Structure formats: structure tokens, C-alpha cells
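In: sequence unknown, structure follows:
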């Protein structure tokens, strides 16, 4: 009887802990060894933080990335590359010149989309209850250890390109339910010396912004 009781309590323990885990709110997974980066490489640092911001926004279940601009770039890229490959094997001079010109034009269009439409934004959400969320991030300067995250929420402008390139003016803020948070994070508090990221340090800033936007949409309704 003593053995049976001991076995029962040992099997009950994992079940109860599993139940507690399933009912408790999920948090971003702790860093894994595959998440390691070189903390001295600022480009890698920026990309890693950008990725975590996107994951945290999508984790909320309400903000999903708008891939329209990426899809446009992919289609333009395929057209440009296909034209270049075909021109390589084509002996017709005029057609070859036309396809090469097409490749150059498409390359310029893609560059302009990056400069004037997307800018520094690495995330623009699909429309959520009439609102769009945009995230921009940058390292403060070449020798800085500060990452600046800019999170914005505003009323959808009725088109993907407009949402990417929207610039709020003081007089339009109220009309478009504009919310903006500029968050400075010290890289040394996000990454340890081995290059492991403290994901929760990033997620808590994003979660605070998401709650702010949700509160704004509830007031609007």
C-alpha cells in the first residue's frame, strides 16, 4: 500500500503541473542556444530585436503582418530575373536591350519602394478594428548601445501604400486615433555577454503598447 501511494503522488505531480501550465498565460520562450548572436555586431542585434518585436505583436493574436509590399517586391523581382535570364540566351538585340531596360526599371522601382514607402518600418500590420500598427527600429548612432523602438497606431488610410508611408501631423492625431511610443532599450540589458537574448525584456514593452491600442479601440467602439 505504501508503494502504491508513493507512485500515485508521483504521477499526480506532473499532471497538476501540466494543468497549471496550461491555465497560466503563455510567455515568450526562453532563449535557446540557436538564438545566440554576436552582441558587438549592431546589424545582427537590430535584426534580432526586430524579429522579437514582430513575434510579440503577432503573439497578441490581433496584429498580423501585412505582406502585400513584400509580395509586390517578390513578383517584381521574379519578373526582373526572368527577363534577365531570357535576355542572356536571346540573340535578338532589340529584345535583349528591352529586357535589360526592364530589369533596370524594376530594380529602381523596388529601391524606391524601400526608400519612400517602407522607410525604416520593419512591420506594418493588417487592419485591426480600423487601426494599423507600424513598428520602426534603429540603433541610436554608430557607437551607441541603445536600440530605439518606435511603435505607432493610427486609423487605416484606406490603402497599403498609404499605411506604410503615413506621417501623422499634430492636427490629424485626434482624427486618426494616433498613438505613438518611442522606447529606448539598452542592448546590454537585452543580450548577455554570450549573445543570448532576454526576450521578455523586449516583449514587455510591446505588450504595454498593445494594451494601450486595445484600450483605444474599446473607447472607439
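Out: Yes, it's here. All values reported here derive from a predicted model rather than from experimental measurement.
In: need the contact list for residue 152.
Out: 133-136, 168, 178-181 (C-beta atoms under 8 Å, 6 or more residues apart in numbering). Every residue, glycine included, has its C-beta placed from N, CA and C.
In: if we go to 10 Å?
Out: 121, 124, 132-136, 166-168, 178-182, 209, 213 (C-beta atoms under 10 Å, 6 or more residues apart in numbering).
In: Could you say which helix or strand holds it?
Out: Using DSSP states H and E, residue 152 sits within strand 146-155.
In: how close does the residue positioned nearest the centre of the chain sit to residue 121?
Out: The centre of the chain sits closest to residue 54, judged by C-alpha atoms, centre = their mean, with a distance of 3.0 Å. According to C-beta to C-beta, to the nearest Å, residue 54 and residue 121 sit 11 Å apart.
In: between these two, what contacts are shared?
Out: With C-beta under 10 Å, 6+ apart as the test, residue 54 and residue 121 both reach residue 135.
In: quick check: mean pLDDT across stretch 57-67?
Out: For stretch 57-67, mean pLDDT rounds to 83.
In: got the end-to-end distance for it?
Out: In stretch 57-67, first residue to last residue: 15 Å (C-alpha to C-alpha, to the nearest Å).
In: can you list contacts of that stretch?
Out: Outside stretch 57-67, the residues within contact range by C-beta under 10 Å, 6+ apart are 26-28, 54, 56, 74, 122-129, 131-135, 151, 153, 160, 163-164, 203, 206-207, 209-211, 213-214, 217.
In: Tell me who's in contact with residue 127.
Out: Contacts of residue 127 by C-beta under 10 Å, 6+ apart are 64, 66, 133, 155-158, 160, 163.
In: where does this protein have its least confident helix or strand?
Out: Least confident element among the helices and strands of the chain, by mean pLDDT, DSSP states H and E: helix 2-23 (a mean of 41).
In: now the helix or strand that it is followed by, how far from the chain's geometric center?
Out: Using DSSP H and E, the helix or strand that directly follows helix 2-23 along the chain is helix 42-59. Its chain's C-alpha centre and that of helix 42-59 lie 6 Å apart, by C-alpha atoms, centre = their mean, to the nearest Å.
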